[in-house]
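**Q** Pasting the sequence and the predicted coordinates here, then a few questions.
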Amino acid sequence: MRDYFSFFSRYNLWANRTLYTTVATLSDDEIAQDRKAFFGSILGTLNHGLLADRIWLARMNKQEYGWFKSLDQILFSDFAQLRSEREQTDRQILTAIPTFPTTGDLAYTNSQGQPTVAPWSVVLGHLFNHQTHHRGQVHNMLSQAGLSPPQLDLPFFPRDSFQP
């Protein structure tokens, strides 16, 4: 199970890098343009993905996250800074995943302030599934912007990256 989640941490880093490279070809105005998505814009959606990952990392590391205000919080309005922070967080995930248990439960406080318990395997699976979900939304918004979105499906992840 640990190898499975380590594999997805490598895929996650690659997929985010690939997506952000395509997004970087847009102007700042196009990145921030409201596209009627759940988090509004490409910038809003990418910020939400980063925000959620940082919340989950804090929960898994038993750290406070008093900086959290709302799920649509914009952490970084500058795309270059957002991209740099995304890369840093993806590297933290890559390093942290092997240190987390894959059995047992994680007790944490959810975003509504309620004590919650979830199996570690569900939490770790959600970490990567959530990113995939929101990358799909950005993928659609790139199409709306007139770009050919990058191929992010798992079979396109470079084969040499499949090894633990």
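**A** Cool, got the structure. Numbering: from 1, shown residues only.

**Q** where do the helices sit along the protein?
**A** Along the chain, the stretches classed as helices by DSSP state H are 2-23, 28-32, 42-60, 79-96, 120-144.

**Q** Mean confidence (pLDDT) on the last one, please.
**A** Mean pLDDT, taken over the full extent of helix 120-144, equals 97.

**Q** List the buried residues for that helix?
**A** Neighbour counts using 16 or more other C-beta atoms under 10 Å place 120-121, 123-124, 127-128, 131-132, 134-135, 137-139, 141-142 of helix 120-144 among the buried residues. No exception for glycine: its C-beta is placed from N, CA and C like everyone else's.

**Q** Ok, the first one next?
**A** Residues of helix 2-23 classed as buried: 5, 7-16, 18-20, 22-23 (neighbour count, 16+ other C-beta under 10 Å).

**Q** which residues touch that helix?
**A** The set of residues external to helix 2-23 that reach it, using C-beta atoms under 8 Å, 6 or more residues apart in numbering, is 31, 42, 46, 49, 79, 83, 86-87, 90-91, 93-94, 97-98, 100, 102, 124-125, 128, 131-132, 135, 138-139, 142, 147, 149-150, 152, 154, 157-158, 161-162, 164.

**Q** Report the angle between it and helix 120-144.
**A** Between the axis of helix 2-23 and that of helix 120-144 there is an angle of 20 degrees, by axes from the mean of the first three to the mean of the last three C-alpha atoms, to 10 degrees.

**Q** for the helices of the chain, which one sits closest to Tyr108?
**A** Put simply, out of the helices of the chain the one that sits nearest Tyr108 is helix 42-60, at 4.0 Å, with distance taken as C-beta to C-beta.

**Q** And the buried residues of helix 120-144, which is closest to Phe38?
**A** Ranked by distance to Phe38 (C-beta to C-beta), these are led by Gln137 at 6.8 Å.
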